[in-house]
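A.B. asks: heads up, no residue letters with this:
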C-alpha cells in the first residue's frame, strides 16, 4: 500500500487516540488539523467533519461535568470513529487501485465513398458507414518491477468479436535499470507505422506482425533496442516443423528537446512472411496455384524496416520503408510465376496549428509498393483480389472539435499495377470521414 495511504490511516488512528481519551485531552489544535486533512483528502465530507467535531466537543463537556461515567456521547464518538476507520481503509484500497491501474479507450466511427475506375474487374463503386475500431487498454503496475498490459480490440471486417489483441507481462524498470523482459501476445517491433491518415499506411499493410513472443530489450539515454523470438505461422520447407525458430531485432534512438524531436530506427525479422497480410496471402490466394491452402515456403524470406519521425515546431515529417531482403521463389506468392521481392514505403508531411481555438492538422502523404501483386486468378473474383496499390496519394485534415474528440476528413487516390505486371491498371478514389473519441 502506498505511503500516503498509510499516512491517512495513521491520521485516523491518531484522531482516535485524541477523541477517545478526551478525559485527558480536550479537542486540541492538532486534532482539528488532522480532521481538516481528512476532509481535504476527501475521506470525510465537510458536514461529516463538522458533525464529528461537534459530537467530540459535546462528549468532552459531559465528561467535564460528570467525570467517571460512561456517556452516550462518548460511545457515539467511538462508533463514528470506527466507521471513519473503515471508510479510510476502503478509500485507501480504491486509491491504491487507481494509482496502479490505467484504463484507456478508443472508439472510431468511419464513413466513406469510393469510386473505382475501369480495369480487369470493371467498375465497382461502394460506400458505407462502419464502427471501424473499438479499443480498451488496461495497464497495471503490479509492483515496482512488473507491469501488465491488456488490449481488447474490435475492428470492422477484421475481428468479428471483441478479442484480446495484446496481453504482455513486462519485468523491468528502465528508470532504474536499462534492461527489461517482455512476454505474451504482442506486435513485434518490426516497423514503426506512425501516420496522420485515417487509413493504415502501406508499410503497416505489408509488415505488421502479431505473435506470441518473448522479447529482451533496453532503454538508455535515448537509445533503445531489443531481440525477440517466436513460433511463426509459416514453416520453412515441407517438414511443417512446429518450433520456435523465428526471430528479429530492432535498434533506434529517440531525442526530444523544446520544439524539436526525432525518432530513428532500424528493424530486422528473419521471415517477413509471418506478417499478418503475407500469411493471409500464402494461405488463401495461393489456393489456385497449389490446389489448396499452404503454410510453408521453400526458404524463409528476411525482412528489413527503417523509419525516421521528426518534429520541428508545428511541422512533422515521417519517412518509413518496409520490405523483403530476399526473393520469394516463382509461384510461391501468386506473382504470375515470377520471383517477388515485396516492399513498401511511406512519406508524410504534416502541419499543426490552432485555428479558431481548435488544434488543426493538415497532412499530405505519398505511399508506394513494389512486387505486391498477389492475384486470385478465379475469373470475376474481385473480392479475393488482395493486391496492394502501386502508388497512393493522400491528404487529410484533422480537427480537435472537442476535448478528446477528433474529426478527420481524408482523400485517397490509389493507382494499381499495370496489367502487364499482374494488376488491373485501375484507379481508385476514396473520400473518408472519421470521428474518434479517446477516454
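C.D. replies: Structure received. What you see is a predicted model, and the numbers here were worked out from it, not measured in a lab. Numbers count the residues shown, from 1 in each chain.
A.B. asks: If we ignore the residues flanking it in sequence, what's nearest residue 423?
C.D. replies: residue 417 (2.8 Å; CB to CB, 6 or more residues apart in numbering). Every residue, glycine included, has its C-beta placed from N, CA and C.
A.B. asks: Report the rounded mean pLDDT for stretch 184-192.
C.D. replies: Across stretch 184-192, the average pLDDT comes to 97.
A.B. asks: Same question for stretch 197-216.
C.D. replies: 97.
A.B. asks: And for stretch 391-401?
C.D. replies: Stretch 391-401 shows a mean pLDDT of 97 in the predicted model.
A.B. asks: Show me what counts as buried in it.
C.D. replies: 392-394, 396, 398-400 (16 or more other CB atoms under 10 Å).
A.B. asks: Then stretch 408-418?
C.D. replies: Buried residues in stretch 408-418, counted by 16+ other CB under 10 Å: 408, 410, 412, 414-417.
A.B. asks: pLDDT on it, on average?
C.D. replies: Stretch 408-418 comes out with an average pLDDT of 94.
A.B. asks: Kindly report the same for stretch 229-237.
C.D. replies: Here the average pLDDT along stretch 229-237 is 88.
A.B. asks: Need the contact partners of that stretch.
C.D. replies: Residues from elsewhere that reach stretch 229-237 (CB atoms under 8 Å, 6 or more residues apart in numbering): 188, 211-214, 241-248, 271, 273-274, 279, 282, 295-300.
A.B. asks: and it, how far apart are its ends?
C.D. replies: Stretch 229-237 has an end-to-end distance of 19 Å (CA to CA, to the nearest Å).
A.B. asks: swap in stretch 138-157?
C.D. replies: First residue to last in stretch 138-157 (CA to CA) measures 24 Å.
A.B. asks: now residue 171, which residues is it bridged with?
C.D. replies: In this structure, residue 171 bridges to residue 146, residue 181 when assessed by DSSP bridges.
A.B. asks: related to what we said a few turns ago, which of the buried residues of stretch 408-418 fall in helices?
C.D. replies: Using DSSP state H, no member of the buried residues of stretch 408-418 falls within helices.
A.B. asks: want to throw the residues you listed into CSV with distance to residue 50?
C.D. replies: Output for the buried residues of stretch 408-418, formatted as CSV (distance: CB to CB, whole Å):
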residue, distance to residue 50
408, 52
410, 58
412, 63
414, 69
415, 74
416, 75
417, 78
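A.B. asks: Sort out which residues of the host helix or strand of residue 218 are buried, please.
C.D. replies: Assigned by DSSP states H and E, residue 218 belongs to strand 210-220. Residues of strand 210-220 classed as buried under the neighbour-count rule (16+ other CB under 10 Å) are 211, 213, 215, 217-219.
A.B. asks: dump the residue contacts of residue 417.
C.D. replies: Residues near residue 417 by CB under 8 Å, 6+ apart: 373, 387, 389-390, 423-425.
A.B. asks: Among the residues you listed, which one has the most neighbours?
C.D. replies: Comparing these by number of neighbours (other CB atoms under 10 Å), residue 373 comes first, having 26 neighbours.
A.B. asks: ok, back up a step: strands paired with whatever helix or strand comes next after the strand holding residue 218, and their directions?
C.D. replies: Where DSSP H and E defines the elements, the next helix or strand beyond strand 210-220 is strand 223-230. The strands that strand 223-230 pairs with in its sheet are strand 210-220 (antiparallel), strand 246-257 (antiparallel) (by DSSP bridges).
A.B. asks: Now tabulate those in TSV and tack on distance to residue 306.
C.D. replies: Below are the strands paired with strand 223-230 laid out as TSV (distance: least, CB to CB, whole Å):
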stretch	distance to residue 306
strand 210-220	18
strand 246-257	10
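A.B. asks: Generate a PyMOL selection restricted to the buried entries among the contacts of stretch 229-237.
C.D. replies: In PyMOL, a selection of the buried entries from the contacts of stretch 229-237 looks like this (16+ other CB under 10 Å):
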select buried, resi 188+211+213+246+247+248+271+273+274+279+282+297+300
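A.B. asks: quick one: which of the contacts of stretch 229-237 sit in strands?
C.D. replies: 211-214, 246-248, 296-297 (DSSP state E).
A.B. asks: what's the closest of those to residue 364?
C.D. replies: Proximity of the ones in strands among the contacts of stretch 229-237 to residue 364 was ranked by CB to CB; the top entry is residue 248 with 31.4 Å.
A.B. asks: Show me the beta-bridge partners of the closest one.
C.D. replies: Beta-bridge partners recorded for residue 248 (DSSP bridges): residue 228, residue 269.
A.B. asks: can you give me phi and psi for residue 425?
C.D. replies: Dihedral angles phi and psi of residue 425 (degrees, to the nearest 10) take the values phi 60, psi 20.
A.B. asks: Could you check how far it is from residue 417?
C.D. replies: Distance of residue 425 to residue 417, computed by CB to CB, to the nearest Å: 8 Å.
A.B. asks: what does residue 194 give?
C.D. replies: Taken as CB to CB, the span from residue 194 to residue 417 is 26 Å.
A.B. asks: same question, residue 349
C.D. replies: Residue 349 sits 26 Å away from residue 417, taking CB to CB as the criterion.
A.B. asks: Over to residue 347?
C.D. replies: Note on residue 347: its distance to residue 417, by CB to CB, is 20 Å.
A.B. asks: Break down the stretch 101-250 of the chain into its helices, ranges please.
C.D. replies: Assigned by DSSP state H, counting those that start in this stretch, the helices in the stretch 101-250 of the chain fall at 202-207.
A.B. asks: List the buried residues in the helix or strand where residue 364 lies.
C.D. replies: Element membership for residue 364 (DSSP H and E) is strand 358-370. Residues 360-361, 363, 365, 367-370 are the ones in strand 358-370 that count as buried (16+ other CB under 10 Å).
A.B. asks: What of stretch 310-330?
C.D. replies: For stretch 310-330, by 16+ other CB under 10 Å, it's 311, 316, 318-324, 327-328.
A.B. asks: Name the nearest of the residues you listed relative to residue 116.
C.D. replies: Residue 116 lies nearest to residue 322 out of those, by CB to CB, at 25.7 Å.
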